[in-house]
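>>> What shape does this take:
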Amino acid sequence: MTIKPLIILPDPILRQVSTPLEAINDETRRLATDMLETMYDAPGIGLAAIQIGVPRRMLVLDVSKDGEEKTPLVFINPEIVASSDARSVYEEGCLSIPDYYAEVERPAAITVRYLDRDGKEQTIEADGLLATCLQHEIDHLNGVLFIDHISKLKRDMVIRKFTKAAKTRGAKAI
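The predicted structure is shown next:
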C-alpha cells in the first residue's frame, strides 16, 4: 500500500480523458488499494485514478460518516446509464482543488454500470451524497472538474488563484 501524491489544479493532466481498463488483475487491485489509502489519507470521500496521474477509468469512494465502519467502493470503467430528472444541490470540494468549495447542481439519482475489483459487472442505483460523489468522480474520468459546473466568473477566479500558486511552486499550468 502506497499513498500517492495528488495532482493539483492547474496541472493539465486533470483535463485528460481517461481510457478504459482492459484487464483487471493484481496490478489493478493494487492500484485500487493505493487509491483508497491516498483518499483516506487526504482525507476525502472520492478519488479518480487521474487525480494520482493514472489516466485509467477507475475511481474509489467511501461516503460513510465519521465514526461509522468504512465502506470502500471500487468502480472500474463506470458508466452512468440513467439519470433522474429531479435535481439536487450539494456543496462540493475536490482533493485536486484544495480548500475550495462551491454548490453544484446535478441529477438527484443515477444508475451506474461498472466492474468491481474482481471484474464482475455490477449496477448500482445511487441518490444523495453517493450519487453526487459518483458523478463528481466520473466527471474526472472525462476531464471535467466540478468548477466546470459553476459560473465562468467564479471558475476563472479559481483557475487564476491556482495558476498563481502553481507558479510559486514551479508546477505545470493548464
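>>> ok, which stretches of the protein are helices?
For the chain, the helices defined by DSSP state H cover 26-41, 128-141, 152-169.
>>> Excluding sequence neighbours, find me the nearest residue to the residue positioned nearest the centre of the chain.
Taking CA atoms, centre = their mean, the centroid of the chain lies closest to residue 137, which sits 2.8 Å from it. In this structure, residue 137 finds its nearest non-sequential neighbour in residue 59, 4.0 Å apart by CB to CB, 6 or more residues apart in numbering. Placement of C-beta: from N, CA and C, glycine included.
>>> For that neighbour, which residues are in contact?
Neighbour list for residue 59: 35, 46-49, 74-75, 78, 134, 137-138, 140-141 [criterion: CB atoms under 8 Å, 6 or more residues apart in numbering].
>>> Considering those, which possesses the most neighbours?
Ranked by neighbour count under the definition other CB atoms under 10 Å, the contacts of residue 59 are headed by residue 48 with 31 neighbours.
>>> Quick check: which ranges of this structure have low pLDDT?
Counting by pLDDT under 70, the chain shows low-confidence ranges at 170-174.
>>> quick one, strands of it?
Assigned by DSSP state E, the strands in the chain fall at 46-48, 58-61, 73-83, 87-94, 97-107, 109-115, 121-127.
>>> if we can go back for a sec, now the contacts of residue 59 as a markdown table including distance to residue 109?
Below are the contacts of residue 59 laid out as a markdown table (distance: CB to CB, whole Å):
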| residue | distance to residue 109 |
| --- | --- |
| 35 | 25 |
| 46 | 17 |
| 47 | 22 |
| 48 | 21 |
| 49 | 25 |
| 74 | 21 |
| 75 | 17 |
| 78 | 15 |
| 134 | 11 |
| 137 | 16 |
| 138 | 14 |
| 140 | 20 |
| 141 | 20 |
